[in-house]
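Asker: Okay, structure incoming, though there's no sequence with it:
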């Protein structure tokens, strides 16, 4: 039975036009990050990335346990969340697309967090699009990127204890270095 009650009914929820405008701007910025990532990622294939590429391309051929052993051997890492994401997405799409999607998620999360911290949109957009350290997360620091994505989500939910703890644990299990940050 349908109720005319206004409580907890999404159809009765009012959204501010500023929220729509902000999220449309964020989507535009994340699309730029997606395109930049898609263009730049193939050029970054040396150093640590050669092992990340090797593992990403090999995982679809291996069972879960064989894949985990291969992952640990070539990445010398035991981070479970990164392994699971790589294991799943390597069976679905190319690594460049995988990285580009998660770079966009990182960029969107940063934009939302900066808004929560009352940073101007222009400063947020410039930071996401031009900051050297953000580009390190976009390209070479692959596991650290996932740690930061979940760290940002935990900070977005800092007032909701359960979600904060959940995303903090995901951050830690994405990259153990997040424990000392």
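Answerer: Here it is on my side, so go on. Just so it is clear, the model here is predicted, and its values are computed rather than measured.
Asker: going forward, measure contacts and count neighbours with C-alpha atoms only.
Answerer: Will do.
Asker: What are the contacting residues of the longest helix seen in the chain?
Answerer: When the chain is parsed with DSSP state H, its longest helix is helix 17-40. Residues outside helix 17-40 that contact it (CA atoms under 8 Å, 6 or more residues apart in numbering) are 96-97, 99-101, 103-105, 107-108, 111, 125, 129, 138-139.
Asker: What's the PyMOL syntax to select whichever of those are buried?
Answerer: This is how PyMOL selects the buried members of those, with burial counted by 16 or more other CA atoms under 10 Å:
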select buried, resi 96+97+99+100+101+103+104+105+107+108+111+125+129+138+139
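Asker: Of the contacts of helix 17-40, which belong to strands?
Answerer: Assigned to strands by DSSP state E, none of those qualify.
Asker: buried ones in the one helix or strand residue 51 maps to?
Answerer: According to DSSP states H and E, residue 51 maps onto helix 48-58. The neighbour-count check on helix 48-58 (16+ other CA under 10 Å) flags 49, 51-52, 55-58 as buried.
Asker: Could you export those as TSV, including distance to residue 30?
Answerer: What follows is the buried residues of helix 48-58, written out as TSV (distance: CA to CA, whole Å):
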residue	distance to residue 30
49	23
51	27
52	24
55	27
56	24
57	26
58	29
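Asker: Dump those residues to JSON lines, plus distance to residue 84 and pLDDT.
Answerer: JSON lines is the format used below for those (distance: CA to CA, whole Å; pLDDT from 0 to 100):
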{"residue": "49", "distance to residue 84": "18", "pLDDT": "90"}
{"residue": "51", "distance to residue 84": "17", "pLDDT": "93"}
{"residue": "52", "distance to residue 84": "14", "pLDDT": "94"}
{"residue": "55", "distance to residue 84": "12", "pLDDT": "96"}
{"residue": "56", "distance to residue 84": "11", "pLDDT": "96"}
{"residue": "57", "distance to residue 84": "14", "pLDDT": "97"}
{"residue": "58", "distance to residue 84": "14", "pLDDT": "97"}
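Asker: from those residues, which is closest to residue 72?
Answerer: residue 55 (9.5 Å; CA to CA).
Asker: how deep is the residue nearest to the closest one when sequence neighbours are not counted tucked in, by neighbour count?
Answerer: Leaving aside its sequence neighbours, residue 55 sits nearest to residue 71 (CA to CA, 6 or more residues apart in numbering; 6.1 Å). By other CA atoms under 10 Å, the residues close to residue 71 number 24.
Asker: Helices along this protein, start to end?
Answerer: Going by DSSP H, the chain shows helices at 17-40, 48-58, 64-75, 80-89, 95-116, 121-130, 132-138, 142-156, 161-174.
Asker: Buried deepest among those, which one?
Answerer: helix 142-156 (a mean of 22; mean count of other CA atoms under 10 Å).
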